[in-house]
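> Give me the fold of what follows.
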Amino acid sequence: MITHKKAERVYFHKTLIIDIETVPLSYDWNLVPDTLKDHWCHKMQFLSLKEEENDPAVAFASRAGIYAEFGKIVCVGMGYIMQQSDRRVVRLKSIRNDDENALLLELKQTIEHFHQQNKDIIFCGHNIKEFDIPYICRRMLVNGIALPECLDLGGLKPWQVGHQDTLELWRFGDHKHYTGLDLMAWLLGVPLAAPEMNKTAIARMYWEQNDPEGVADHCLKQVYMASLVYLKLKGWQEEWPEPLYV
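Coordinates of the predicted model:
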């Protein structure tokens, strides 16, 4: 069991918990560029689709947000575990913008500022190694934004990347196994901040309900829950840090 003193060296001061919310580039198939339509129709041949998703327009609206080539980032949530007076808190911040380029530039600035203060920055989150970090990097390149040094992982060996993934920690080497964050939270006795929403539900909230604030709220709840799951996986035995929204 990791002691609190050792755990403090592991998670505090340099660990940034992240989560992103993504949606299709457009919810209107008629506004999708023809070239992208062709590529999406080709992509559909390799997807396991429901019967109603055989229509490219329906499939694009429900599935495109999963893929960085066909989707965009509309919100990034970040959490930082810190000491405030006599208590631990998870400091929570979201970056939300309908203009993805502006969002990613602000994210880059935030990451680089954090990196200046914490040279050995560690990103943490649920499935971030297979989804969030690659998605961010791909969308930055699409938007013509140079990657921050701490995200430029090209050429590194897996053991040279210090980022922490709660799904990877839970797998214990079983790479076929997937467990949702909310299920892990329940199993580990972590307070459930919010049930996970699939990308179809996020897309509907963003495009149909015109509720980007709701997307951002869900994103931060996921970040807070991921923070507590990470602490639990690392042997945390104390009272849960409270969320602090900034």
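> Quick check: next helix or strand after the helix or strand containing residue 93?
Here residue 93 is covered by strand 87-96, with elements defined by DSSP states H and E. Along the chain past strand 87-96, the next helix or strand (assigned with DSSP H and E) turns out to be helix 100-117.
> ok, longest strand in this protein?
strand 71-84 (DSSP state E).
> And that strand, what does it pack against?
The helices and strands touching strand 71-84, judged by 3 or more C-beta pairs under 8 Å, 6 or more residues apart in numbering; DSSP states H and E, are strand 15-24, strand 87-96, helix 100-117, helix 133-142, helix 212-233. Every C-beta, even on glycine, is put in place using the N, C-alpha and C of the backbone.
> Pick the most deeply packed of those.
Ranked by mean neighbour count under mean count of other C-beta atoms under 10 Å, those are led by strand 15-24, which reaches a mean of 24.
> I'd like the mean pLDDT over that one, please.
Regarding strand 15-24, the rounded mean pLDDT is 96.
> Just checking: what are the partner strands of that strand?
Taking DSSP bridges as the criterion, strand 15-24 forms sheet pairs with strand 71-84 (antiparallel), strand 122-125 (parallel).
> between the helices and strands packed on strand 71-84, which gets nearest to residue 66?
strand 15-24 (7.2 Å; C-beta to C-beta).
> and that closest one, how far out from the chain's middle?
Distance, stretch centre to chain centre, for strand 15-24: 3 Å (C-alpha atoms, centre = their mean, to the nearest Å).
> relative to strand 15-24, how tilted is the helix or strand that it is followed by?
Once strand 15-24 ends, the next helix or strand along the chain (criterion: DSSP H and E) is helix 34-44. Angle of helix 34-44 versus strand 15-24, following axes from the mean of the first three to the mean of the last three C-alpha atoms, to 10 degrees, is 110 degrees.
> List the buried residues in helix 34-44.
Neighbour-count burial for helix 34-44 flags 36, 37, 40, 43, 44 (criterion: 16 or more other C-beta atoms under 10 Å).
> quick check, nearest of these to residue 174?
Sorting the buried residues of helix 34-44 by how near they are to residue 174, with C-beta to C-beta, puts residue 43 at the top with 28.0 Å.
> I figured the closest one hits residue 60, correct?
No. With contact defined as C-beta atoms under 8 Å, residue 43 and residue 60 do not form a contacting pair (9.5 Å).
> can you give me phi and psi for residue 187?
Main-chain torsions, residue 187, degrees, to the nearest 10: phi -60, psi -40.
> for the closest residue to residue 26 other than its chain neighbours, what are its contacts?
Here the nearest residue to residue 26 in space, its sequence neighbours aside, is residue 32; by C-beta to C-beta, 6 or more residues apart in numbering that works out to 5.3 Å. Taking C-beta atoms under 8 Å, 6 or more residues apart in numbering, we find residue 32 in contact with 25, 26, 40, 60.
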